[in-house]
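S.K.: 3D, please:
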Amino acid sequence: MSTIIKKNLSIFRAIIFVAVFLIPLFYLQKSFIFPYVSIKGLLFMGVTSALFVWWATLVYRFPEIRPKWNVPMLVFGGLVVAMFISGLVGSSFSVSFWSTFERLMGVMMWIHASLFLVMMVSVFRSRDDWNKLFFVSFVSAIIGALFVWLGNGGFGWMGYFKSSGAGAFGNSSYAGSYLMLHIFIGIYLLPSLKEFYKKIIIWVGFVIILLSPVFFKFSILSGVFDWSQFADAPWRALGQARAAIGSLIFGGIFWWGLALSGANIKWKRVIGWILSSVLIVGITVAVVGTFVNDSKIQNLFSEMVSHARVTVWDAGFQAFKEKPILGWGPENFDVAFQSHFPAELFLPGYGGEVWFDRAHNSIVEQIVTTGIVGTTVWLTLYITLLMWLWKRARAGVVARRDAIFITATLVSHFLVNLTVFDTPVSFLPWLVVVAFAFWTIGGDKKLEHKSINRKKYSPIFALLAIAGFVLFIIGFAIPFRSGRAIVKMNATGNVEEFDQLFKRVQKTSIGKYNKSAVLAEAWQGKLKSNLEFVLSSEETKVFIAGRNLKFDNWFSELSESYPENFKIRLGQVQIIAQYDRLGLKQINDIDQNERKEALLRGIIADFPGHPYGYWFLAEFLGTEKRTNELKIVLDQVNQIVPNAPITMELQEKFLR
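M.R.: So this is what the prediction gives:
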């Protein structure tokens, strides 16, 4: 390999090292929408698309660094295609493709993931390259765990981590998934590290990560833990990310069983095979049991985790029956859930959480959003990857230790996502492990590319480079400006700046339904807190009414383009209600109360099983003193969810 190729690859890998190290820790304090999650996703897509432009020119000039393809890589590409098709026929292609700022896990992210994997397999040429990447990622995880310590210890560096209690990750579940993956990475690294100081770093990292509040009750270390609770329920000593803890324990034992099954001594092999088999059968029974109504396993899960989760899964399966082949479209679980909303979530004993944009179970999520087709391809990815991995391991092509590491890590990741879900922070290390698996498996001779005539195919490589540039603009640059504009828009009082920022927010489709809801909520809060000032002069009132009209028109467009989105339609009603606060009954010669009532009755007609539509209408009718109609609406909602606290409050407020 020539010196120029080596230099290019060395710089390329260095950039990936920096990205893998910094992206999980990066945030923009109070200056970006969903600063814990969205900025990480945008950075990943930005770095990936920018590198892809460079990579396309490299593989054009130097054929020897082109990736070696195998079946699991093709299946991964097939999964992205299946998701794309599902999005096309689903509820909203815009949501499926772009996702929301809060999640950023739509088809666009998976396209970038595909590019990332292909580049990794091509650019990382040796085991030493991969070990360096794993070590860099592990050090990043140590720092991330220290941030969690700081936040829970009351330091709250820069006043930010204190609020979340999960450091730069924003949520203990996200932190748990990310850190769990790095425990496996650390275990894999230890035997292969030659430098003593690196081994010390790994061992210290284990202590910092495992004793962090994510995995271990912080109050024990601070001396305020009530040990009487431990005697009654030992699991109370566990940290916040219990799904990750359980998956980590399972994965560790599974790793041990797989290792024993390859031992030279027969009795150790027997123990290893028995242990591995029992774990696989046990977890399969447990997973299936959680979906069997009123089974002992499901009831135990409900008691330990949440009654609401099982109820949400049941609603998901009802939604699946409506669109079984290709599903509702990736990232559209929210709409499927609202269309089959389980009203009992409003009753005491269900935890009080009623808005679910995720199933909190990867199997339910996949089958609802991508249907039978997408779920089949998704499961095929895991099956083919593990089959090829162990096929090559038995042939001596793949080191058994590599196969054990990849298997235990991917199975544990699969398990943790049976109760939570991936965000960019946990998705990135998963991709790194998958890329390592693809590289370890190596190329398939049947898929080896023939010598390509560079002159003949130069337009294709040029288009690849252009595609990378376009992806950078639409997947990073424009959404980044939009995300910053949302925060600035909430803070500004300048009319011209408000209008400019509003246009910038509307410029990109990424997360448009999500960001509209965020802005509307902030707008209503600002109006409520400053209502006295707003009403102090006619000029101010006219100005605020004009701003509200912008939101009103925007929500009208969104509701028309996505009528299945319950939240958007309800949000439009809330925006219209602001006219009443301003004392404005007529806007553009249209009675806003009549309009609001018509929209609410339309929501009830389209979502007859969702109590919120009835409650909003009941509030409106009560305010208008239309008592007889109010009683009818309250009777209707009582049939959906008997004696719900909100219904009781409305009866007390208007019918006492």
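S.K.: Point out where the stretch 151-300 of the chain drops to low pLDDT.
M.R.: Within the stretch 151-300 of the chain, the ranges that satisfy pLDDT under 70 run 152-165, 217-239.
S.K.: And for Asp402, the neighbour number?
M.R.: 20 (other C-beta atoms under 10 Å). For the C-beta atoms, the positions are set from N, CA and C on the backbone; glycine is no exception.
S.K.: Same question for Ala168.
M.R.: Other residues close to Ala168 by other C-beta under 10 Å number 23.
S.K.: and it, how far is that from Met73?
M.R.: 31 Å (C-beta to C-beta, to the nearest Å).
S.K.: ok, now Lys391?
M.R.: Taking C-beta to C-beta as the measure, Lys391 falls 15 Å from Met73.
S.K.: out of these two, which sits in the more crowded spot?
M.R.: Taking neighbours as other C-beta under 10 Å, Lys391 and Met73 compare with Met73 leading, 27 against 13.
S.K.: Find the helix or strand that that one is a member of.
M.R.: Counting by DSSP states H and E, the element that carries Met73 is helix 71-89.
S.K.: what's the pLDDT at the spatially most central residue of the chain?
M.R.: In the chain, the C-alpha nearest the mean C-alpha coordinate belongs to Thr423, at 3.3 Å (C-alpha atoms, centre = their mean). Looking at Thr423, its pLDDT reads 91.
S.K.: tell me how far stretch 45-60 is from the chain's mean position?
M.R.: Averaging C-alpha positions (C-alpha atoms, centre = their mean, to the nearest Å) puts stretch 45-60 25 Å from its chain's average.
S.K.: Flag every buried residue along it.
M.R.: Across stretch 45-60, burial judged by 16 or more other C-beta atoms under 10 Å covers 45-53, 55-60.
S.K.: for the record, mean pLDDT for stretch 326-340?
M.R.: Over the span of stretch 326-340, the pLDDT mean works out to 93.
S.K.: swap that for stretch 592-608, please
M.R.: Mean predicted confidence for stretch 592-608 is 91.
S.K.: Extract the C-alpha trace of it and format it as CSV.
M.R.: What follows is stretch 592-608 as a C-alpha-only set of coordinates in CSV (Å, rounded to 0.1, in the frame of the first residue of the first chain):
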residue,chain,number,x,y,z
GLN,A,592,-63.0,31.2,16.7
ASN,A,593,-65.2,29.6,19.3
GLU,A,594,-67.3,27.9,16.5
ARG,A,595,-64.1,26.9,14.8
LYS,A,596,-62.6,25.5,18.0
GLU,A,597,-65.8,23.4,18.7
ALA,A,598,-65.9,22.1,15.1
LEU,A,599,-62.2,21.0,15.4
LEU,A,600,-62.8,19.3,18.7
ARG,A,601,-65.9,17.4,17.4
GLY,A,602,-63.8,16.4,14.4
ILE,A,603,-61.1,15.0,16.7
ILE,A,604,-63.6,13.0,18.7
ALA,A,605,-65.0,11.6,15.4
ASP,A,606,-61.6,10.5,14.2
PHE,A,607,-60.3,9.4,17.6
PRO,A,608,-63.4,8.1,19.4
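S.K.: May I see the buried residues of it?
M.R.: Using 16+ other C-beta under 10 Å as the burial criterion, the residues of stretch 592-608 that qualify are 592-593, 595-597, 599-600, 603-604, 607.
S.K.: try stretch 607-625
M.R.: Those would be 607, 610-622, for stretch 607-625 by 16+ other C-beta under 10 Å.
S.K.: again with stretch 536-553
M.R.: Buried residues in stretch 536-553, counted by 16+ other C-beta under 10 Å: 544-545, 547-549, 551-552.
S.K.: Inside helices: which ones of those?
M.R.: Of the buried residues of stretch 536-553, the ones assigned to helices by DSSP state H are 544-545, 547-549, 551-552.
S.K.: Let me have those in TSV, extended by pLDDT and distance to Lys528.
M.R.: Shown next, in TSV, are those (pLDDT from 0 to 100; distance: C-beta to C-beta, whole Å):
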residue	pLDDT	distance to Lys528
Ile544	81	12
Ala545	83	15
Arg547	81	14
Asn548	84	12
Leu549	86	18
Phe551	83	14
Asp552	86	17
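S.K.: out of the residues you listed, who's nearest Val505?
M.R.: Comparing these against Val505 with C-beta to C-beta places Phe551 closest, at 11.0 Å.
S.K.: list the contacts for Gln592?
M.R.: By C-beta atoms under 8 Å, 6 or more residues apart in numbering, the contact set of Gln592 is 576, 579-580, 584-586.
S.K.: repeat that with 7 Å
M.R.: Going by C-beta atoms under 7 Å, 6 or more residues apart in numbering, Gln592 touches 576, 579-580, 585.
S.K.: Buried by neighbour count, from those residues: which ones?
M.R.: Counted by 16+ other C-beta under 10 Å, the contacts of Gln592 give 576, 579 as buried.
S.K.: Out of the contacts of Gln592, which is nearest to Ala308?
M.R.: Ile576 (30.7 Å).
S.K.: next SSE after the helix or strand that the closest one is a member of?
M.R.: Here Ile576, judged by DSSP H and E, is contained in helix 566-581. Using DSSP H and E, the helix or strand that follows helix 566-581 in sequence is strand 586-587.
S.K.: That next one pairs with which strands, parallel or anti?
M.R.: Sheet pairing for strand 586-587, assigned by DSSP bridges, gives strand 590-591 (antiparallel).
S.K.: so where do the helices sit in the stretch 151-300 of the chain?
M.R.: For the stretch 151-300 of the chain, the helices defined by DSSP state H, counting those that start in this stretch occupy 161-164, 172-189, 196-210, 218-222, 227-232, 242-260, 266-290, 296-304.
S.K.: Could you do the stretch 451-600 of the chain as well?
M.R.: Ranges of helices in the stretch 451-600 of the chain, per DSSP H, counting those that start in this stretch, are 454-472, 478-491, 495-507, 512-529, 531-534, 538-561, 566-581, 592-606.
S.K.: Can you give me the neighbour number for Gln639?
M.R.: Using other C-beta under 10 Å, Gln639 has 9 neighbouring residues.
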